[in-house]
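Peer 1: Everything below, folded, please.
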Amino acid sequence: MKYRHVHVMLISTSLIWASLIGCTSNKEVNRDQTVLRLGLQQEYWSVFSPMTESFAQVKPDVAIEYVSTSSVFEDGVIQIDKYAQFIEEQRLDIVYMPNDTIYRELVGKNLLRSFDAKLSSGDNALADLYPPAIELLTQNKNREIYGVPLGFDQYGVYMNKEIFQRLHVPLPDSNWSWHDVFQSAQSIRNVQGENAANPIAGLSLRLNADPSAGKIIRLIGESTGNPIVPSNGEINIAKDLQVLLDTLQDGIQTGSVHIDETTNTAPFGHPFIQQTAAMAIEKAEFITVLKAIEHSQGRSVDWEVLSIPMQADAALAMDMLELNHVFGIALPSPHHDEAWEFIRYLVSEEASSSNPSLLNIRPNQTQAYDGRDLSPFYASSYTFHSSVFQGWSEHDIKNFDHRLFETIWTRSETDNLIMNNH
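Peer 2: Residues are numbered from 1 along each chain as shown. Okay, the predicted model is just below:
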């Protein structure tokens with residue numbers, strides 16, 4: 001199977017710098033050291049070298065040897081079967097996984113060592129990490145943990161504070177609901193008048209990006225305890241959720257909700273960036289796009305982010321939260337104790353300053369970025385539906401989301417929407 005390697009946007013600056021200074025080389029080791037072989041793309045060596053070098057100061061009897069994994073990629077796509085073979089043939093001790101998709105595939109191939117024995121013996125290395133991210137690691141048949149991420153990405157609602165203030169619309173607060181989201185969007189549109197030239201939309205949803213408009217509709221359902229679950233080829237929507245979706249339909253018709261076709265690969269035309277929309281639902285990595293615009297074009301958006309409205313007992317599908325920079329231990333490794341010490345060091349407070357992730361897996365380490373509060377990304381507490389789309393390909397899920405949005409767009413009868421799951 002093939003999975004596109006998802007680069008974490010915040011790391012891009014480090015990679016550019018690495019290309020200028022050259023990659024970090026493996027240092028010579030002495031005979032008294034235990035050598036841990038870590039498989040990693042060569043352009044990432046300099047990114048993670050501050051963490052491995054600081055580990056060497058703490059554990060001088062252990063050395064990290066980088067092993068280039070370039071042979072398991074084709075045109076930027078990781079070949080999962082090649083990677084599985086590479087892990088065994090290269091006798092890796094530590095396995096790097098760019099995201100939780102690769103993590104689940106390698107767990108399914110029985111190539112990683114479970115951490116549960118360490119954790120059940122009283123080791124509290126994961127005690128202070130972001131709970132939903134840790135729970136996501138257990139979404140496998142054994143309900144065990146086989147890796148630890150350095151960071152994660154998830155969605156928030158971005159608000160342009162200047163637009164709200166200029167139009168004299170009150171800024172929402174963290175206790176809001178989805179009804180409040182749509183009401184704020186409608187207020188933004190209403191105060192400009194029905195005949196306003198070039199009116200500013202209250203909320204922008206993107207049709208062909210991640211998150212897509214269809215995926216956000218799914219998110220609304222799941223976060224309100226009304227998941228849109230395909231059953232026997234049909235989509236069933238609860239009455240409470242239909243009320244919200246009717247409000248969304250009305251917003252599209254009145255112009256308070258704008259549907260945009262910019263993509264993740266060409267985001268600079270995004271209505272939120274162009275300041276033609278007051279709110280947008282985007283991932284945390286969208287922050288780096290806002291920062292890049294400010295640096296390259298001298299334009300800045302006075303933004304603030306709020307957490308996604310979330311019912312206390314809500315359960316999300318796994319694709320709503322993404323883990324990045326996941327480290328695991330190869331099952332055959334004879335140095336699993338030393339490898340565990342290295343991994344638990346990576347997520348320690350001591351190593352946090354070198355963590356390349358925008359959202360650190362330690363909530364107390366990521367409170368602000370460029371003076372803006374990032375704690376809303378950590379505010380949500382939820383569990384996961386591990387089997388909502390079990391057996392579906394990524395293509396099938398995207399097609400589901402697209403057809404789901406079409407239903408809202410055309411005001412079709414949602415109960416009659418038929419999906420073909422092949």
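Peer 1: Quick one: find the helix or strand in this protein with the lowest mean pLDDT.
Peer 2: In the chain, no helix or strand scores lower on mean pLDDT, DSSP states H and E than helix 12-21, which sits at a mean of 33.
Peer 1: what does the average pLDDT come to for the next helix or strand after it?
Peer 2: Next helix or strand after helix 12-21 toward the C-terminus (DSSP states H and E): strand 34-40. Regarding strand 34-40, the rounded mean pLDDT is 96.
Peer 1: Alpha carbons only: can I get strand 34-40 in PDB?
Peer 2: Output of strand 34-40 as PDB, limited to C-alpha atoms (Å, rounded to 0.1, in the frame of the first residue of the first chain):
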ATOM      1  CA  THR A  34      25.000   0.800  22.900                       C
ATOM      2  CA  VAL A  35      24.200   1.900  19.400                       C
ATOM      3  CA  LEU A  36      20.500   2.500  18.500                       C
ATOM      4  CA  ARG A  37      19.700   2.500  14.800                       C
ATOM      5  CA  LEU A  38      17.100   5.100  13.900                       C
ATOM      6  CA  GLY A  39      15.500   5.000  10.400                       C
ATOM      7  CA  LEU A  40      14.900   8.600   9.300                       C
END
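Peer 1: Mind listing the strands that strand pairs with, and their directions?
Peer 2: Note on strand 34-40: by DSSP bridges, its sheet partners are strand 62-68 (parallel), strand 94-99 (parallel).
Peer 1: winner for burial among the ones you listed?
Peer 2: Most buried of the strands paired with strand 34-40 by mean neighbour count (mean count of other CB atoms under 10 Å) is strand 94-99; its value is a mean of 24. No exception for glycine: its C-beta is placed from N, CA and C like everyone else's.
Peer 1: quick one: contacts of that one?
Peer 2: 5-8, 36-40, 44, 64, 69, 78, 87, 103, 106, 111-112, 147, 322-330, 333, 339, 342-343 (CB atoms under 8 Å, 6 or more residues apart in numbering).
Peer 1: likewise stretch 397-404?
Peer 2: With contacts defined as CB under 8 Å, 6+ apart, stretch 397-404 is touched by 212-215, 217-218, 228, 230, 235, 319, 389, 392, 417, 419.
Peer 1: picking that back up, so which of the strands paired with strand 34-40 comes closest to Arg299?
Peer 2: Closest approach to Arg299 among the strands paired with strand 34-40 (CB to CB): strand 94-99, 30.9 Å.
Peer 1: Which among the contacts of stretch 397-404 count as buried?
Peer 2: Buried residues within the contacts of stretch 397-404, counting neighbours by 16 or more other CB atoms under 10 Å: 212-215, 217-218, 228, 230, 235, 319, 389, 417, 419.
Peer 1: Break down the stretch 251-400 of the chain into its strands, ranges please.
Peer 2: Secondary structure of the stretch 251-400 of the chain by DSSP state E, counting those that start in this stretch: the strands cover 257-260, 277-283, 303-307, 315-317, 322-329, 359-360, 368-369, 372-373, 383-385.
Peer 1: typo on my end, the stretch 1-150 of the chain
Peer 2: All strands of the stretch 1-150 of the chain, identified by DSSP E, counting those that start in this stretch, fall at 2-4, 34-40, 62-68, 73-74, 77-79, 94-99, 147-153.
Peer 1: Show me how the chain divides into domains.
Peer 2: Domain segmentation of the chain under automatic domain parsing yields 2-153+323-357, 155-318+374-416.
Peer 1: mind listing what the residue most central in space within the chain touches?
Peer 2: Geometric centre of the chain, nearest residue: Asp153, 2.7 Å, by CA atoms, centre = their mean. The contact partners of Asp153, taken as CB under 8 Å, 6+ apart, are Val8, Lys283, Ala284, Glu285, Leu321, Glu322, Asn324, Leu358, Leu359.
Peer 1: Looking at per-residue confidence, what score does it get?
Peer 2: Note for Asp153: predicted pLDDT of 94.
Peer 1: for it, which residues make a bridge with it?
Peer 2: Beta-bridge pairing for Asp153 (DSSP bridges): Glu322.
Peer 1: Verify the stated contact: Phe405 with Arg206.
Peer 2: No. Taking contacts as CB atoms under 8 Å, Phe405 lies outside contact range of Arg206: 10.6 Å.
Peer 1: where do the contact lists of those two overlap?
Peer 2: Counting by CB under 8 Å, 6+ apart, the residues touching both Phe405 and Arg206 are Ser212, Ala213.
Peer 1: More neighbours: those two, which one.
Peer 2: The neighbour comparison of Phe405 against Arg206 (other CB atoms under 10 Å) goes to Arg206, with 25 against 21.
Peer 1: Any figure for the gap between that one and Ile281?
Peer 2: Look at Arg206 and Ile281: by CB to CB, to the nearest Å, they are 9 Å apart.
Peer 1: Show me where the stretch 251-400 of the chain dips below the pLDDT cut-off.
Peer 2: Scanning the stretch 251-400 of the chain for pLDDT under 70 picks out 265-266, 366-367.
Peer 1: how does it look with 90?
Peer 2: Along the stretch 251-400 of the chain, the model assigns pLDDT under 90 to residues 253, 260-270, 288-289, 291-301, 311-314, 317-319, 352-354, 356, 363-373, 379-400.
Peer 1: And the helices in it?
Peer 2: For the stretch 251-400 of the chain, helices defined by DSSP state H, counting those that start in this stretch occupy the ranges 286-297, 336-346, 394-410.
Peer 1: quick one: the last one to chain centroid distance?
Peer 2: Right, the one you point to is helix 394-410. Its chain's average C-alpha position is 20 Å from that of helix 394-410, according to CA atoms, centre = their mean, to the nearest Å.
Peer 1: ditto for the shortest one
Peer 2: Taking CA atoms, centre = their mean, one finds helix 336-346 lying 24 Å from the centre of the chain it belongs to.
Peer 1: Now that helix: buried residues?
Peer 2: Per 16+ other CB under 10 Å, helix 336-346 contains these buried residues: His336, Glu338, Ala339, Trp340, Glu341, Phe342, Ile343, Arg344, Tyr345, Leu346.
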